[in-house]
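K.L.:
Return atomic coordinates for the entry below.
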Amino acid sequence: MRLRSLLAALTLVAALPAQVTPMPGTGCTNGSPPLVAGSPQIGQSITVLSDQFPCNSPQTTAFVGVSVSCSTLPGVNFSCNASVNPCVLIAVDVFSSAPIRHSFTINIPNNPALVGAQFCVQGGCITTFLPPPPLLACFFTLNQAAQITILP
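P.N.:
Here you go, the predicted model:
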């Protein structure tokens, strides 16, 4: 409990970028953190963007996952270079998708009890556009996940 109180106090003095922290070891190899716009404060909203190659190509579906637990699943083995570096997916509680690019808005309730709470987001895409070998099996990509701390 003391650690949670300390983390909550530290969030009061930190800048916004410190409230959106990339989670090492998640996503696919060389995956970038998701783009997060807005302010993770009670009563405000943030938008998570999933716009990466091949998500900006025809025949793709971009998606965003949200996890309250921020736990991860074992390596996903149907991704690029899966035999060498499986992708790591967060345990998704909410999933949203759209063709090509996707932005998902999260409205944070105006509830003081949420200050200091954390959740995680992760974007990625699935494509049915299959490039020539050796990239033929490269149809699922994941951004690195990001942990977000709610501010007052």
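K.L.:
contacts, neighbours, all on C-alpha from now
P.N.:
Noted.
K.L.:
who's in contact with Pro24?
P.N.:
Going by Cα atoms under 8 Å, 6 or more residues apart in numbering, Pro24 touches Gln144, Ala145.
K.L.:
Now do the SS call for it.
P.N.:
Following DSSP: H, G, I helix; E, B strand; the rest coil, the label given to Pro24 is coil.
K.L.:
Got the phi and psi for the residue nearest the centre of the chain?
P.N.:
Per Cα atoms, centre = their mean, the C-alpha nearest to the average position across the chain is that of Gln122, at 1.6 Å. When read as degrees, to the nearest 10, the backbone of Gln122 gives phi -150, psi 140.
K.L.:
which residue packs closest to it, ignoring adjacent ones?
P.N.:
Closest residue to Gln122 apart from its sequence neighbours, by Cα to Cα, 6 or more residues apart in numbering: Ala145 at 4.4 Å.
K.L.:
neighbours around that neighbour, how many?
P.N.:
Using other Cα atoms under 10 Å, Ala145 is surrounded by 32 other residues.
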